[in-house]
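Q: show me how the following folds:
(chains A and B)
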Amino acid sequence: MADPEIFRAEGVGLDLSLQGQPRRILEDINLDIKRGEFFTIVGASGTGKTTLLRILGGLQKATSGRVAFRGQEVVEPPEGAVVVFQDYSHALLQWRSVARNVALGLEGRLDAAAQGERVRAALRMVGLENKAGDYPWQLSGGMQQRVQIARALALGPKAMLMDEPFGALDAMTKASLQDEVLRVHAETGTTFVFITHDIEEAVYLGDRIAVLGGPPGRIHTVIDVTLPRPRNQIETRQMPEFLRRRLAVYDAIRAAGRQ
Amino acid sequence: MRFNLAGTLTIVVMLVLWEIAVRGGLVTFEYLPAPSAILVASWTLLRSGELAAQTLHTIGAVILGWVIASALGLALGLALGYSRTARSWVEASLELLRPLPGIAFLPVALLIFNFSLETELAVMVYASVWPVLINTMGGIMNVATRLHDVARTLRLTPMRTVTRLLIPAAAPSIIVGCRLGLGTALVMAIIAEMLGNPHGLGYAVVSELQAMQPERMFVYVLVIGFLALALNAALVAASRLMLRNRG
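A: Numbers count the residues shown, from 1 in each chain, chains lettered A, B, ... in the order given. The predicted model follows:
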């Protein structure tokens, strides 16, 4: 328990050259994400939310500053931190069954029996144990996204990095997946870094909410959420604290946009 | 597969008209045999074993040439689809070589390999490697960038990324390339047998022509047609089987 923080970003910035024009995407991002925390990141589009997540996950290199995951500098996707993408239909292997999709990251690392066990456990966690033999294209959008979450969980990660995972889903599916993710968070103690543009989702899920402004993307404020857990779609959302936090995030986004 | 009555009737009617035209003297080409004469000739060739021998040679050569071309095209296509560096070194040469008709290389192959199976294979492989190579390269390059992200975040090794992700994702386009390659291989085999390797169906067509045996020549021409149909049907069935689990 040397470091309480699992991710640390210090002065992270990203400058890209787009069609010959230099463009600053992120600027001076400083973050400490605590172990076991549910950390949500919100911001208007164009504030670099996805880029920040890709940098944390080692999929993209920052051009300044440094990111550390469990004390190690991130230069490539680190072991123990997995990204879950928004576009599940592109992120799943359409020619593989659900179980074989979930096994993808385990192949060559575990023997068949251990793989099978991990796959079953991961599918049970997202409630898909009876869909193991189906193919992704036979499933609804919500179920496909569950498969992608199970594939990440099968690796037993210390951190799940989720990039607007429910952005393409309808309201009812979204609510049930939010509760699914909260249950996984409570059961496994995994750290979640969760990007969304949905303010209520950020408040409902998060322990802390980072509000991004820009472009170039920078952290405007970090808001604490002290709502009790386990959270409940009806009760939590009616609590005065929920409404206050929602308003605080909303104001922060507006203020960040005016800067 | 279902039986197409109307389509079959059209063929039967055409054959009957052909027979009547030849027998009734409506057509006066000296060397156009009637369908019945072709049928008789095919029976003779079948009994003598000549038909089987020539057909087997061509089938063997086509499959061998196609397998070599597909393996070569797949390997080159993978390397070029995967590596930008490889593309920048090789692409210009490919663009230069690709439009050259394979048959133009027959004299070169003859000089090197003489009148032999090697000449036949060389011409076939040169011509049918292209569709496999181009389709494999395109298929690999078009794999969604998201799948590359998935491979990285799951920390797959480069080898596994290629074998578990890129090749299966590009499989539909690789299979199309292989099918086109097989058609090309057959055409090139027949031409090479006519001009460069004195064996097989192509050679048989030419030698029956020179022997003034048009019935027999037609038998070989028809067998070539049926062979093309059968090879394509076999490959369509095989590719359905390989892609059966895709939406």
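
Q: can you give me the neighbour number for the residue in chain A that chain B sits nearest to?
A: When scored by C-beta to the nearest C-beta, chain A has A:Trp137 as its residue closest to chain B, at 3.1 Å. Placement of C-beta: from N, CA and C, glycine included. Applying other C-beta atoms under 10 Å in any protein chain shown, we find 13 residues neighbouring A:Trp137.

Q: pretty sure it contacts A:Gln94?
A: Yes - here A:Trp137 reaches A:Gln94: they are 5.6 Å apart, a contact under C-beta atoms under 8 Å.

Q: what about A:Glu200, distance to B:Val143?
A: Going from A:Glu200 to B:Val143 by C-beta to C-beta, to the nearest Å gives 36 Å.

Q: spell out which residues of the stretch 51-200 of chain A are next to chain B.
A: The stretch 51-200 of chain A has residues A:57-59, A:76-77, A:79, A:82-83, A:85, A:87, A:90-91, A:93-97, A:104-105, A:107-108, A:135-138, A:151, A:155 near chain B, with proximity defined as C-beta under 8 Å from any C-beta of the partner chain.

Q: now list the buried members of the residues you listed.
A: Buried residues within these, counting neighbours by 16 or more other C-beta atoms under 10 Å in any protein chain shown: A:57-59, A:77, A:82-83, A:85, A:87, A:91, A:93-97, A:104-105, A:135-136, A:151, A:155.

Q: ok, B:Val132 - contacts?
A: Residues touching B:Val132, when contacts are defined by C-beta atoms under 8 Å, 6 or more residues apart in numbering or on different chains, comprise B:Ala69, B:Ser70, B:Leu72, B:Gly73, B:Leu74, B:Gly77, B:Ile174, B:Gly177, B:Cys178, B:Leu180, B:Gly181.

Q: and A:Glu200 and B:Val143? which has more neighbours close in?
A: A count of neighbours by other C-beta under 10 Å puts B:Val143 above the other of A:Glu200 and B:Val143, at 20 against 15.

Q: ok, and the closest non-adjacent residue to the more buried one?
A: Distances taken as C-beta to C-beta, 6 or more residues apart in numbering or on different chains put B:Ala169 closest to B:Val143, at 4.5 Å, once the chain neighbours are dropped.

Q: same check, this time on B:Ile68
A: Going by C-beta to C-beta, 6+ apart, B:Ile68 has B:Val125 as its nearest residue, at 5.2 Å.

Q: in the helix or strand where the one you found lies, what's buried?
A: B:Val125 is part of helix B:117-141 when elements are defined by DSSP states H and E. Within helix B:117-141, the residues scored as buried using 16+ other C-beta under 10 Å are B:117, B:119-141.

Q: also stretch B:25-36?
A: Buried residues in stretch B:25-36, counting neighbours by 16+ other C-beta under 10 Å, are found at B:Pro33, B:Ala34, B:Pro35.

Q: what does stretch A:172-189 give?
A: By neighbour count on 16+ other C-beta under 10 Å, the buried set for stretch A:172-189 is A:Thr173, A:Lys174, A:Ala175, A:Leu177, A:Gln178, A:Glu180, A:Val181, A:Leu182, A:Val184, A:His185, A:Thr188.

Q: ditto for stretch B:42-62
A: Judged by neighbour count using 16+ other C-beta under 10 Å, the buried positions of stretch B:42-62 are B:Ser42, B:Leu45, B:Leu51, B:Gln54, B:Thr55, B:His57, B:Thr58, B:Ile59, B:Ala61, B:Val62.

Q: do the same with stretch A:35-46
A: Buried positions in stretch A:35-46, judged by neighbour count with 16+ other C-beta under 10 Å: A:Arg35, A:Gly36, A:Glu37, A:Phe38, A:Phe39, A:Thr40, A:Ile41, A:Val42, A:Gly43, A:Ala44.

Q: list the contacts for A:Val203?
A: Applying C-beta under 8 Å, 6+ apart, we find A:Val203 in contact with A:Ile209, A:Val225, A:Leu227, A:Phe242, A:Arg245, A:Arg246, A:Val249.

Q: swap in A:Val222?
A: Going by C-beta under 8 Å, 6+ apart, A:Val222 touches A:Arg208, A:Ile209, A:Ala210, A:Val211.

Q: extract the C-alpha set from whatever helix or strand it lives in and format it as CSV.
A: With elements delineated by DSSP H and E, A:Val222 resides in strand A:218-224, which encompasses its position. Presented in CSV, the C-alpha positions along strand A:218-224 are these (Å, rounded to 0.1, in the frame of the first residue of the first chain):
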residue,chain,number,x,y,z
ARG,A,218,-7.6,21.0,-19.3
ILE,A,219,-9.0,20.1,-16.0
HIS,A,220,-11.4,22.8,-14.8
THR,A,221,-12.4,21.3,-11.5
VAL,A,222,-12.7,18.0,-9.6
ILE,A,223,-15.9,17.5,-7.7
ASP,A,224,-16.4,15.1,-4.8
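
Q: after that strand, next one along is what?
A: The first helix or strand that comes after strand A:218-224 along the chain, using DSSP H and E, is helix A:235-238.

Q: pull the residues that contact that following helix.
A: Identification of contacts with helix A:235-238 by C-beta under 8 Å, 6+ apart yields A:Glu200, A:Tyr204, A:Leu227, A:Pro228, A:Phe242.

Q: give the contact list for the last one.
A: Under the criterion of C-beta under 8 Å, 6+ apart, the contact partners of A:Phe242 comprise A:Val203, A:Tyr204, A:Leu227, A:Thr236.

Q: per-residue pLDDT, it?
A: Per-residue confidence at A:Phe242 stands at 92 (pLDDT).

Q: how far does the helix or strand containing it sit from the chain's center?
A: Assigning secondary structure by DSSP H and E places A:Phe242 in helix A:240-258. Taking the mean C-alpha point of helix A:240-258 and that of its whole chain, the gap between them comes to 21 Å (C-alpha atoms, centre = their mean, to the nearest Å).

Q: equivalent analysis for stretch B:199-214, please.
A: When distances are taken as C-alpha atoms, centre = their mean, stretch B:199-214 is centred 21 Å away from the chain's centroid.

Q: just the C-alphas of it, formatted as PDB.
A: Output for stretch B:199-214, consisting of C-alpha atoms alone and laid out as PDB, is shown next (Å, rounded to 0.1, in the frame of the first residue of the first chain):
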ATOM      1  CA  HIS B 199       0.300 -32.200 -71.600                       C
ATOM      2  CA  GLY B 200      -3.200 -31.800 -70.300                       C
ATOM      3  CA  LEU B 201      -6.500 -30.400 -71.700                       C
ATOM      4  CA  GLY B 202      -5.000 -27.400 -73.400                       C
ATOM      5  CA  TYR B 203      -2.600 -29.500 -75.300                       C
ATOM      6  CA  ALA B 204      -5.400 -32.000 -76.100                       C
ATOM      7  CA  VAL B 205      -7.500 -29.300 -77.700                       C
ATOM      8  CA  VAL B 206      -4.700 -28.100 -79.900                       C
ATOM      9  CA  SER B 207      -3.600 -31.600 -80.900                       C
ATOM     10  CA  GLU B 208      -7.100 -32.700 -81.800                       C
ATOM     11  CA  LEU B 209      -7.500 -29.500 -83.800                       C
ATOM     12  CA  GLN B 210      -4.300 -30.300 -85.700                       C
ATOM     13  CA  ALA B 211      -5.500 -33.900 -86.200                       C
ATOM     14  CA  MET B 212      -8.700 -32.600 -87.800                       C
ATOM     15  CA  GLN B 213     -10.800 -34.300 -85.100                       C
ATOM     16  CA  PRO B 214     -13.300 -31.500 -84.300                       C
END
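
Q: what about the longest helix in chain B?
A: Of all the segments of type helix in chain B, defined by DSSP state H, the longest one is helix B:50-82.

Q: does anything pack onto it? Which helices or strands?
A: Contacting helix B:50-82 under the criterion 3 or more C-beta pairs under 8 Å, 6 or more residues apart in numbering or on different chains; DSSP states H and E are the following elements: helix B:35-48, helix B:84-97, helix B:117-141, helix B:167-195, helix B:200-210, helix B:214-242.
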